[in-house]
Each structure stands twice: as structure tokens, then as C-alpha cells.
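> let me see the structure of the following:
(one chain, ligands or ions: 1)
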Amino acid sequence: MWHDTGSYAGVLPPGIPVQPGTHAENPETKRRFKNLLEVSGLYQQLHHIEAYAASEQDILRVHSRDYINRIKAMSEEIGGDAGMLTPFGKGSFDIAKLAAGGVMAAIDALLDGRIDNAYALVRPPGHHAEPDTGKGFCLFANASIAAKYAQASRGVGKIAFVDWDVHHGNGAEKIFWHDPSVLTISIHQDRCFPPDSGDMCDNGAGAGAGYNINIPLPAGSGVGAYAAACDRVIIPALHMFRPELVIVPSGFDAGAYDPLGRMMMHSDGYRNLTKKLMTAADELCSGRIVMCHEGGYNDATVPFFGLAVMESLSGIKTATDDPFLALFEGLAGQELQPHQDQVITAAEKLLDNIRG
Ligand SMILES: [Zn+2]
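Numbers count the residues shown, from 1 in each chain. The predicted structure follows:
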């Protein structure tokens, strides 16, 4: 919570004509998510996992020595910018090591049998970070670092990513582009962020050809489109790939009313997606799912999306209902629309490229 993104106005650096403001990626959504877990009584029933700092050796499996040194040096002074739109303050190097290590600790707890599944509520987020640069508020690629750790140090073989953040999971795509042992799936708003990224034709290369799946849904997609994409592309892909572990970079910025996305998901939509993924993981890999927090920028709504996911993962339904649900269910176009169906039909063809 002490990772400081400074006085950006939304996503833009301050400076005439942009008045200093609050950065879109600030602690508030995360803090309120945790607060709601406590108020609902769910937090007290969960097993808590202490994060540890990822070592530089762990980070080096994904990022270049140059990049790590650059972030470390800036962090020791007053901070700086890790890349495209990624400001950070003094000390963020150590916080980012904890964010990556938090996902690693979750995987440790899962593999050691201490828990059935996990949600790593970490910050800064990670899914836009690339080997040589930070990007989109992300310093280190938390989920990718944890996946490489699981393979290198914990004996895990094949891993599947299902990134449901509204923005493209470009980091994992790039990191595992040539790697057939990690299936990277990203469902996102078409051409939202990063620029020129996340097209359906980007499918991996070399030995990794076929093992990167992008599902770029049109702006305005609702729970129907997300459920259909999950049923028709994501779940079949998981069954063909047969992962030993599923990692979900979980952004809640596909939620209705998010300032940085234009989708219409609601808490029951996230609840249902979680259940679908859990069923597949039960059938394929003893239920092994680790989610890690990414985007989500509406302070009021994100906690309720998070609570719905946590209720599904834990199997505990609290007495706390989502006060936004009725409003979001009533938005026109929640069911699958023909132009969204076309995209999903095209994405179904990518299943032919998975060799299992
Ligand atoms: Zn996002």
C-alpha cells in the first residue's frame, strides 16, 4: 500500500495543461477490497499467506539485469518512471519484490498443500511489465516471475494463464512467446491498452506457436460475452493443454463503470467465471488456481467484484450482497451480441493450433 505513484492525473503526468491529481493506480481499490473482506466476515475465515521478497535471481528469470539495476537505482533515490506510464517513488523496488514474492508465496502454500487455491492481493500490478521495461503501472511481471519460479524450483510443468484484466496481458505474451510449456490466454477489450497489442493473430512463435491466445472483445461487452468466451474458447483450451497449475492475472477493470475500461462485467459475472475456471482446474489439476491482483480502478465497485471471486474460491457465501448488482444487471446489452459472437467464433479456430 506504500507504493507511491505520485500526482499523475489519472494516467497522465502532471504539468501544464494537466493539473496534478491522483494516479489511477493508487492503493484505494486494494485497501477497500481488503476492508470489505473483513467487514463481510470472510477475511477471518481465510488462511493468510505472508509475502516474502522475490530474490534478484527469481526476477532475473524474466527481467534483464539492466532493467533491475535501473529500477533499484531510481528507487534508492526519489523514484522515477519504469517505462510507459509507470511512475514510482522511493522504496518501490523493495515493494515490487514483495509483490512478485507474494504470488510465489501463494504458489508455495498451494503446492505444499496448506491451501486449496489462492488470491494474491499484491501491488504494484505486473501483467504489462516486459523483460526490459515497465509499462502500464507495472514494474515487475509478478505472475510470470512466479510461474518461472514454479517451474524452476517447485517441479511444476505446464502452466496456463487466464488473464481477465480488461487490458491485454502483453507481458506474459512476450515472456512466453516461444514457450510451449506456458499457455497464455488473455481476454480483454479490443485495442484498449497497450497500444497496438493483443490482436487475435498474435498466437506465439517457434515452439510456442499456438500457445498464446488473445480474445479481443469489442468495447461494451457484458457478462454474456465473457461467459461465452470462457465456455467456447478458454475452457476448451485448458482441456486441450492440460496444465498442472492455472494462474489468473485478475483485473477488475472489465467491470461496469470502470474509468479505464468500457466493458460491463458485474460481480455475478466474475463469480461465474471463477466457478467455470475452478471446475476446469478440478478436472485437470486438483483445483490448483492462483489468482493475482492486477487492475481495477473504481474504488466503489472493485471490492464487490473481489468479494464475489473470493466467495467462489473459498466456497463461503457471506451475508454481504453487492449493492451495485441490480444496476449493472439492468444495463442493456449484457447478453451476448452478434458482433461479439463473431469475435468468439473466430477465436474458437485458435483451438486447432494447440497440440496438447
Ligand atoms: Zn487493466
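> could you find the closest non-adjacent residue to the closest residue to the ion within the stretch 251-356 of the chain?
At 2.7 Å from the ion, residue 295 is the closest residue in the stretch 251-356 of the chain, using Cβ to the ion. Quick note: C-beta positions are derived from backbone N, CA and C, even for glycine. Closest residue to residue 295 apart from its sequence neighbours, by Cβ to Cβ, 6 or more residues apart in numbering: residue 251 at 3.5 Å.
> buried set for stretch 198-210?
198, 202-204, 208, 210 (16 or more other Cβ atoms under 10 Å).
> typo on my end, stretch 293-307
Quick answer for stretch 293-307 (16+ other Cβ under 10 Å): 293-298, 301-307.
> again with stretch 39-58
40, 42-43, 49, 51, 53-54, 58.
> farthest-separated two in those residues?
The two members of the buried residues of stretch 39-58 with the most space between them (Cβ to Cβ) are 40 and 58, at 33.6 Å.
> tell me who's in contact with the residue sitting nearest the centre point of the chain.
Among the residues of the chain, the one closest to the centroid is residue 249, at 2.2 Å (Cα atoms, centre = their mean). With contact taken as Cβ atoms under 8 Å, 6 or more residues apart in numbering, residue 249 is in contact with 126-127, 143, 161-165, 169, 172, 291-292, 294.
> same thing but 7 Å
If a contact means Cβ atoms under 7 Å, 6 or more residues apart in numbering, then residue 249 has 127, 143, 161, 163, 165, 169, 292, 294 as its contacts.
> of those - the most surrounded one?
residue 143 (34 neighbours; other Cβ atoms under 10 Å).
> do you know how far the residue lying closest to residue 351 once chain neighbours are set aside is from residue 45?
In space, and not counting its chain neighbours, residue 351 is closest to residue 236: 5.6 Å by Cβ to Cβ, 6+ apart. Distance, residue 236 to residue 45, using Cβ to Cβ, to the nearest Å: 34 Å.
> state the pLDDT value of the closest residue to residue 189 other than its chain neighbours.
With sequence-adjacent residues excluded and distances taken as Cβ to Cβ, 6+ apart, residue 189 is closest to residue 166, at 5.0 Å. Residue 166 carries a pLDDT value of 98.
> ok, and what's touching the helix or strand of the chain with the lowest mean pLDDT?
Within the chain, confidence by mean pLDDT, DSSP states H and E is lowest for strand 83-84 among all helices and strands, at a mean of 92. With contact meaning Cβ under 7 Å, 6+ apart, strand 83-84 is reached by 133-136.
> by neighbour count, which of those residues wins?
Using other Cβ under 10 Å as the neighbour criterion, residue 134 leads the contacts of strand 83-84 with 29 neighbours.
> state the helix or strand in which it lies.
Element membership of residue 134, judged by DSSP states H and E, is strand 134-135.
> report the buried residues of the helix or strand following that strand.
Where DSSP H and E defines the elements, the next helix or strand beyond strand 134-135 is helix 142-153. Within helix 142-153, the residues scored as buried using 16+ other Cβ under 10 Å are 142-151.
> how far out from the middle of the chain is helix 142-153?
Put simply, helix 142-153 sits 15 Å off its chain's centre (Cα atoms, centre = their mean, to the nearest Å).
> how about the strands in the stretch 1-150 of the chain?
Remark: strands assigned in the stretch 1-150 of the chain by DSSP state E, counting those that start in this stretch are 80-81, 83-84, 87-88, 118-120, 134-135.
> list the neighbouring strands of the second one plus their orientation.
Going back to what we said before, that points to strand 83-84. Strand pairing for strand 83-84, using DSSP bridges, gives strand 134-135 (parallel).
> distance from the partner strand to the middle of the chain?
Distance of strand 134-135 from the chain centroid (Cα atoms, centre = their mean) equals 15 Å.
> kindly report the same for stretch 140-157.
Worked out by Cα atoms, centre = their mean, stretch 140-157 lies 15 Å from the chain centre.
> just stretch 11-18 next, same as before
That offset, for stretch 11-18, works out to 27 Å (Cα atoms, centre = their mean).
> could you tell me the end-to-end distance of it?
Length of stretch 11-18, first residue to last, Cα to Cα, to the nearest Å: 11 Å.
> is that stretch anywhere near the ion?
No. Using Cβ under 5 Å from the ion, we find that stretch 11-18 stays clear of the ion, coming within 10.9 Å at best.
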